[in-house]
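**Student:** Coordinates for the following, if possible.
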Amino acid sequence: MKWPWKKEKKTRRVNPAVFNRSYVAGETSRLYNWQTGTDRSADGEIKDRLKTIRKRSRELIQNEPLAKKYISLLNTQVLGRYGIRLQMKARNDDKSLDLAANNIIERLWSNWGRRGGPDYSGCDASGQYTFLDIQRQVLDAVVRDGEALIYMHEGRRNPHGFQLELLTADRLNIEKNEVLRSGNVIRMGIEQEKRTRRPLAYYLNMGENPVYESFEIQALGGTFERIPAERIIHVYYSERMEQSRGLPWMAPAMPTIKLLQTYLENEVVASSLAAAKVATITNNSGDDVAMDGTVDGYTPISNMEPGSIEQLPSGWEMNPLEFSHPTSQFQPMLETVIMQIASGLGVPYSDLSSNMTGASYSSLRQEALQSREYYRTLQQWFIDQFIDPIYQRWLSSVLTTPGSDTGAILKLPVEKFFKWSEGAHFFPRGFEGVDPLKDANAKKVALQNGFVSLQDVAADRGTDLESLMAQHQTAKSLAQQYDVKLAFEPFGSPHQSIEPEVD
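**Tutor:** Residues are numbered from 1 along each chain as shown. Model prediction:
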């Protein structure tokens, strides 16, 4: 008997097909070979794998041609022949360029970037590198090791009072992780504010590195120095939020590169055996070997010189071993794997493999346009993370460091620091057009229609309009000085008035 006020529970039936329309990426089945995932933080995953990945990245660059080509490709495309150059654009109150001050700053910056000599110590504390060399070293370290450390010295033996010291990332103690009494947290050797994660100090092994020992081995019996963060520039690419250390850029493609290396070694060995025409000799009569004799029951192989013919005794038979190498699938397999590696590294397949077989003009052009945008992104990242911070510290130093005579090295008002700071523009290398003639005509049409400016055209070539105008002015002055008539007039011929037609 049911009470009248008691409701019966109804079972709700759900169509199983509804669940099949959910996210397949979250399902588990025998069709998908999902690797074990993790919900750990970026620092948690990096801490356990950084040392191993870094060692393997260095090993690949030392021994694998594709890895070496990758790091050389980034160095060439991002920095180029001249590196990232400074062009001052500081302006006066009337918005005109302060040419005198801009030229002084550019000249001092160029002098600071020279390599040190007997009577002059340049930008590098060791006196070995120019600033262009330092740019290359830092970019290579970030790609190979995942990060680079630059120690900024002030008051060193340098007319500008500012020098740089390059430090390998191995000096940064990855095993130092603790919570301090002040509430700050040390994560993999970097002391940070508890909430904002702003770096406060770096725990570095500043001791000498023996030739046959690593910084890690030496640190077992030593101590790490606490270096304030304002003296260190830590350059790395952060892929995830709350990430404190950097990973080598080849990490996603390293397993495939290693497999390709093993595959190529096996194919070369197999092809070498196939070219050698190896054969075996059998005898069903039971007699001993009649070639080189036997040693302790072991039958050695008879060596044959190229072009020689040997007669086998009666009952003996030669059985050549046929190897199916190289196979017809070798080249497609090689191209497919390298294409996957290039996708993981973010560079064009044709640039990484140096293989343009079968490529059309349109495909190469599209690939070049996409890759150049990627290189421009890296250029701006490198400027923001390394070049501009170095310039700001250098500017502060030359505005306050006493010179040989009265006043500072940079004889400009220090109270206008932000004017010289904001007026700095950095120009990396530019990129020529895939088809120079067509691209030049396209820019000409775009200029005539107002779609682009002369500044845009100059920036695409890695320079600025002011420098371009100055070069043309210098060329005209030289032509007049040596009485040479120029065969061209930059920016077109002057406009001429046209008289109306008269009937």
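
**Student:** Buried residues in stretch 437-449, which are they?
**Tutor:** For stretch 437-449, the neighbour count (16 or more other C-beta atoms under 10 Å) marks 443, 447 as buried. Heads up, the C-betas are built off the backbone N, CA and C, glycines and all.

**Student:** Oh, that last question was meant for stretch 133-149, not what I typed.
**Tutor:** For stretch 133-149, by 16+ other C-beta under 10 Å, it's 133-135, 137-149.

**Student:** Closest one of those residues to G307?
**Tutor:** R144 (49.0 Å; C-beta to C-beta).

**Student:** mind checking the end-to-end distance for stretch 424-443?
**Tutor:** With C-alpha to C-alpha, to the nearest Å as the measure, stretch 424-443 spans 27 Å from end to end.

**Student:** switch to numbering from 34
**Tutor:** Renumbered: residue one is now 34, and that last one reads stretch 457-476.

**Student:** So what's the gap between it and the chain middle?
**Tutor:** Centroid separation for stretch 457-476 versus its chain: 22 Å, with C-alpha atoms, centre = their mean, to the nearest Å.

**Student:** what do you get for stretch 193-202?
**Tutor:** Computed by C-alpha atoms, centre = their mean, the separation of stretch 193-202 from the middle of its chain amounts to 21 Å.

**Student:** what does the average pLDDT come to for that stretch?
**Tutor:** In this model, stretch 193-202 has an average pLDDT of 90.

**Student:** Name the residues that touch that stretch?
**Tutor:** With contact meaning C-beta atoms under 8 Å, 6 or more residues apart in numbering, stretch 193-202 is reached by 87, 141, 145, 154-159, 162, 167, 170-171, 174, 178-189, 237, 248, 279, 423, 426-427, 430-431, 433-434, 442.

**Student:** Quick check: strands, which of the buried residues of stretch 166-182 are part of them?
**Tutor:** Judged by DSSP state E, those include 180-182 as members of strands.

**Student:** Tell me the one among the residues you listed nearest to G463.
**Tutor:** A181 (25.0 Å).

**Student:** and the closest one, how far is that from N206?
**Tutor:** Separation of A181 from N206 (C-beta to C-beta, to the nearest Å) stands at 16 Å.

**Student:** cool, Q514 as well?
**Tutor:** In this view, Q514 and N206 are 62 Å apart by C-beta to C-beta.

**Student:** Turn the ones in strands among the buried residues of stretch 166-182 into JSON lines, including distance to E448 and pLDDT.
**Tutor:** Shown next, in JSON lines, are those (distance: C-beta to C-beta, whole Å; pLDDT from 0 to 100):
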{"residue": "E180", "distance to E448": "36", "pLDDT": "95"}
{"residue": "A181", "distance to E448": "34", "pLDDT": "95"}
{"residue": "L182", "distance to E448": "33", "pLDDT": "95"}
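
**Student:** E92: which of these is nearest?
**Tutor:** Out of those, the member with the shortest distance to E92 (by C-beta to C-beta) is E180, at 18.0 Å.

**Student:** shouldn't that closest one be in contact with S271?
**Tutor:** No: counting by C-beta atoms under 8 Å, E180 stays clear of S271, with 10.2 Å between them.

**Student:** Quickly list what's touching both of the two.
**Tutor:** G279.

**Student:** contacts for stretch 134-153?
**Tutor:** By C-beta under 8 Å, 6+ apart, stretch 134-153 touches 119-123, 155-157, 160-166, 191-193, 195, 424, 427-428, 431, 442-445, 453, 456-457.

**Student:** Kind regards, and thank you for your time.
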